[in-house]
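Q: Turn this into a model:
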Amino acid sequence: QVQLVESGGGLVQAGGSLRLSCAASGRTFSNSDMGWFRQAPGKAREFVARIGWSTELTFYRDSVKGRFTISRDNAKNTVFLQMNSLLPEDTAVYYCNTVPPRPDDWGKGTLVTVSS
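A: Got it, this is the predicted structure:
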């Protein structure tokens with residue numbers, strides 16, 4: 001059974017930083033593009049960032065470019081999201097999944113709250 005477990009969220013002031021981790025188990029994700037997604041209260045889940053499985057090419061939504069960095073450790077089946085210069089509008093539950101996402105693989109996510 002596939003399991004994606006996100007961690008590293010918390011409460012931070014605007015301008016602060018957090019590093020999220022996503023540990024995958026049950027199946028290797030080393031041959032899959034991986035991504036981070038987020039869902040703010042009352043809004044639909046949205047794409048945040050992705051990283052290629054072998055090239056490690058990265059892509060970000062415009063609002064996080066220059067502030068967020070996605071990385072991966074295939075040996076540990078783990079994906080990271082370094083978030084700097086956080087803004088209140090970054091407040092959301094953050095999830096990881098393959099890109100495109102597999103509906104059955106969504107984890108519980110990790111809550112990021114940015115206070116102004």
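Q: quick one: contacts of stretch 27-38?
A: 2, 20, 22, 45-54, 70, 72, 74, 77, 79, 81, 90, 92-99, 101, 112 (Cβ atoms under 8 Å, 6 or more residues apart in numbering). (Glycine included, C-beta is placed from N, CA and C.)
Q: Next: stretch 56-70.
A: Residues contacting stretch 56-70 (Cβ under 8 Å, 6+ apart): 34-36, 46-52, 71-72, 79-86, 89-90.
Q: First-to-last residue distance for that stretch?
A: 9 Å (Cα to Cα, to the nearest Å).
Q: Please identify the buried residues of it?
A: Judged by neighbour count using 16 or more other Cβ atoms under 10 Å, the buried positions of stretch 56-70 are 60, 64, 68-70.
Q: which one of the residues you listed sits closest to Ser116?
A: Closest approach between the buried residues of stretch 56-70 and Ser116, by Cβ to Cβ: Val64, at 17.6 Å.
Q: For Asp105, see how far away that closest one is.
A: 22 Å (Cβ to Cβ, to the nearest Å).
Q: Show me which of the contacts of stretch 56-70 are buried.
A: By 16+ other Cβ under 10 Å, those give 34-36, 47-51, 72, 79-81, 83, 86, 90 as buried.
Q: Okay, and which of these map to helices?
A: Judged by DSSP state H, those include no members of helices.
Q: so which helix or strand takes in Gly107?
A: Counting by DSSP states H and E, no helix or strand carries Gly107.
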